[in-house]
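Asker: Sequence plus predicted model, see below.
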Amino acid sequence: MNTLNYKVLLVKTVFRLFIRAIGIYLLITIPAIAANPFMYLISATYAVSFGWIAAALFLLFFYIVYKMKYDAFVKNIFLYGSVALAVAVAFQMMEILGVEDHIWHSGAFLLFPAVAVVSGWISLAIAKRTINALFEPPETDLYDSMINNSSASENTI
């Protein structure tokens with residue numbers, strides 16, 4: 001498969017992972033409506049707006065992991081770790097951009113990034129087969145592909 005096709009598949013896969021993780025996050029945090037509906041709405045807004053930062057960073061990590069020369073198991077471990085790192089950076093961006101002050105000392109609000117990490121892990125687990133297919137190079141026989149290409153060029157004369 002063409003390298004550009006792989007990059008497009010990486011972006012599509014990360015986008016699907018992100019959308020699925022946001023949906024899972026919103027489902028898991030539904031009990032927060034009972035405690036404070038306003039907090040749920042703020043959390044959902046932050047998840048959607050700052051989640052893009054985490055998704056972009058995760059895409060970068062995914063591409064780096066994709067280029068590594070390890071087997072799929074080790075790559076998956078790196079991906080699960082990169083979810084936590086990407087969420088932590090996105091959470092920190094709330095403080096950097098001035099949305100919240102002292103974000104890491106916010107008490108019960110720290111449960112929301114933990115839920116975001118778990119949502120990302122669940123999304124990765126659901127897409128395990130797709131991700132592993134990206135990590136495995138396509139098995140093609142070089143000789144057969146050369147024969148097919150040469151016979152195709154002979155027929156076009």
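Answerer: All right, it came through fine.
Asker: average pLDDT for stretch 100-120?
Answerer: Across stretch 100-120, pLDDT averages out at 81.
Asker: So for that stretch, first residue to last residue, what's the gap.
Answerer: 23 Å (Cα to Cα, to the nearest Å).
Asker: Give the buried residues for it.
Answerer: Ile103, Ser106, Phe109, Phe112, Pro113, Val115, Ala116, Val117, Val118, Ser119, Gly120 (16 or more other Cβ atoms under 10 Å). C-beta: built from backbone N, CA, C; applies to glycine.
Asker: isn't the fifth one right next to Val87, touching?
Answerer: So the one you mean is Pro113. Yes: assessed by Cβ atoms under 8 Å, Pro113 is found in contact with Val87 at 5.4 Å.
Asker: mind checking the SS state of Ile30?
Answerer: Here Ile30 is recorded as coil under DSSP: H, G, I helix; E, B strand; the rest coil.
Asker: quick one, what contacts it?
Answerer: Tyr40 (Cβ atoms under 8 Å, 6 or more residues apart in numbering).
Asker: if we can go back for a sec, want to throw the buried residues of stretch 100-120 into a markdown table with distance to Phe15?
Answerer: Output for the buried residues of stretch 100-120, formatted as a markdown table (distance: Cβ to Cβ, whole Å):
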| residue | distance to Phe15 |
| --- | --- |
| Ile103 | 26 |
| Ser106 | 29 |
| Phe109 | 27 |
| Phe112 | 22 |
| Pro113 | 21 |
| Val115 | 21 |
| Ala116 | 17 |
| Val117 | 19 |
| Val118 | 20 |
| Ser119 | 15 |
| Gly120 | 13 |
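Asker: Those into a markdown table, with extra columns for secondary structure and distance to Ser82?
Answerer: Converted to a markdown table, those look like this (DSSP: H, G, I helix; E, B strand; the rest coil; distance: Cβ to Cβ, whole Å):
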| residue | secondary structure | distance to Ser82 |
| --- | --- | --- |
| Ile103 | helix | 20 |
| Ser106 | coil | 24 |
| Phe109 | helix | 23 |
| Phe112 | helix | 19 |
| Pro113 | helix | 15 |
| Val115 | helix | 18 |
| Ala116 | helix | 13 |
| Val117 | helix | 11 |
| Val118 | helix | 15 |
| Ser119 | helix | 14 |
| Gly120 | helix | 9 |
